[in-house]
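A.B. asks: need a structure here:
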Amino acid sequence: MIGQLLVVEMLKMRRSLVLGMTLACPLAVVALVFVVTLHQTPVEDMTGARMSQLWVAVSAMWTAFMLPLYIALATSLINGSEHRNHTWRLMLSLPVRIEELYLAKTLAAAGLMLCAHFVLLAATAVGVAALGLFGYELAGAFDLHSSRLLWAAPVAALPVLVIQHGLAWHHRSIVLPLSVAVIATFIGLQVGNSQHWPWLPWAYPLVSTNATAVETQVLAVLIAPVLGVVLLVASLQLLRRQEIV
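C.D. replies: The predicted structure is shown next:
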């Protein structure tokens, strides 16, 4: 049944802004990093090794700022279709369990997050390769200091996704989920550089890819999925005890 519900969610997305945001958010990050870097760095200084740092810059902006906000927006849009069209009663009157519907929407949000992250990586790679057509040195441009830049952020963002999905599910207004995301994101920028980062899930994506110590990056990747599963189980337990408002 969850598979069928996922198909329904994908059909709903065709009429939503969420697919456009899945493309626009990562592309905006890549475009901004490339424009700023190329504007501030002379052409003769843009060696291949220097351009490899573009991956780090893109990752930092994505994980510290745009990814948490994108998750809040995506989960709000996925649940907002039910709130806006007053179809919660219809969905819950179908022969499906409320837990199945909740999991289907959670998986849909996770799938969108993965798609957005893939768009980010693909756009970065295309952007770096395109610079070679304009005479920039590409030797070493794809030599990443850590493979975690490619995959760690979505894993580390799982607790944030579960929290934001729960907020968007239970609250009709988009104001609360987005407010939580904005406030927590800016706090995460400060907490991510301190020893207190484990207490704030919004800091996990940044820590998992851009922390100075490799041990800290690994710890963030290990903690995040465990906490995400714990929060998801707790959310499922609370489903029938709380009203959707």
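
A.B. asks: count of neighbours near the closest residue to Trp199 other than its chain neighbours?
C.D. replies: Spatial nearest neighbour of Trp199, excluding adjacent residues (CB to CB, 6 or more residues apart in numbering): Val191 at 7.4 Å. Bear in mind the C-beta positions are built from the backbone N, C-alpha and C, glycine included. By the criterion of other CB atoms under 10 Å, Val191 has 19 neighbours.

A.B. asks: Relative to Ala184, how far out is Val191?
C.D. replies: Distance, Val191 to Ala184, using CB to CB, to the nearest Å: 9 Å.

A.B. asks: Wait, Ala224 touches Val207, no?
C.D. replies: No - the criterion here is CB atoms under 8 Å, and Ala224 misses it with Val207 at 9.4 Å.

A.B. asks: rewinding a little: what touches both of Val191 and Ala184?
C.D. replies: Leu200 (CB atoms under 8 Å, 6 or more residues apart in numbering).

A.B. asks: Looking at Ala224 and Val207, which is more packed in?
C.D. replies: Between Ala224 and Val207, counted using other CB under 10 Å, the more crowded position is Val207 (28 against 25).

A.B. asks: Disregarding flanking residues, what is the spatial nearest neighbour of the more buried one?
C.D. replies: Leaving aside its chain neighbours, Val207 sits nearest to Ala220 (4.3 Å; criterion: CB to CB, 6+ apart).

A.B. asks: count of neighbours near His111?
C.D. replies: Rather than His, residue 111 is Gly. 16.

A.B. asks: Beyond the host helix or strand of it, next helix or strand please.
C.D. replies: Using DSSP states H and E, Gly111 sits within helix 98-133. Using DSSP H and E, the helix or strand that follows helix 98-133 in sequence is helix 148-156.
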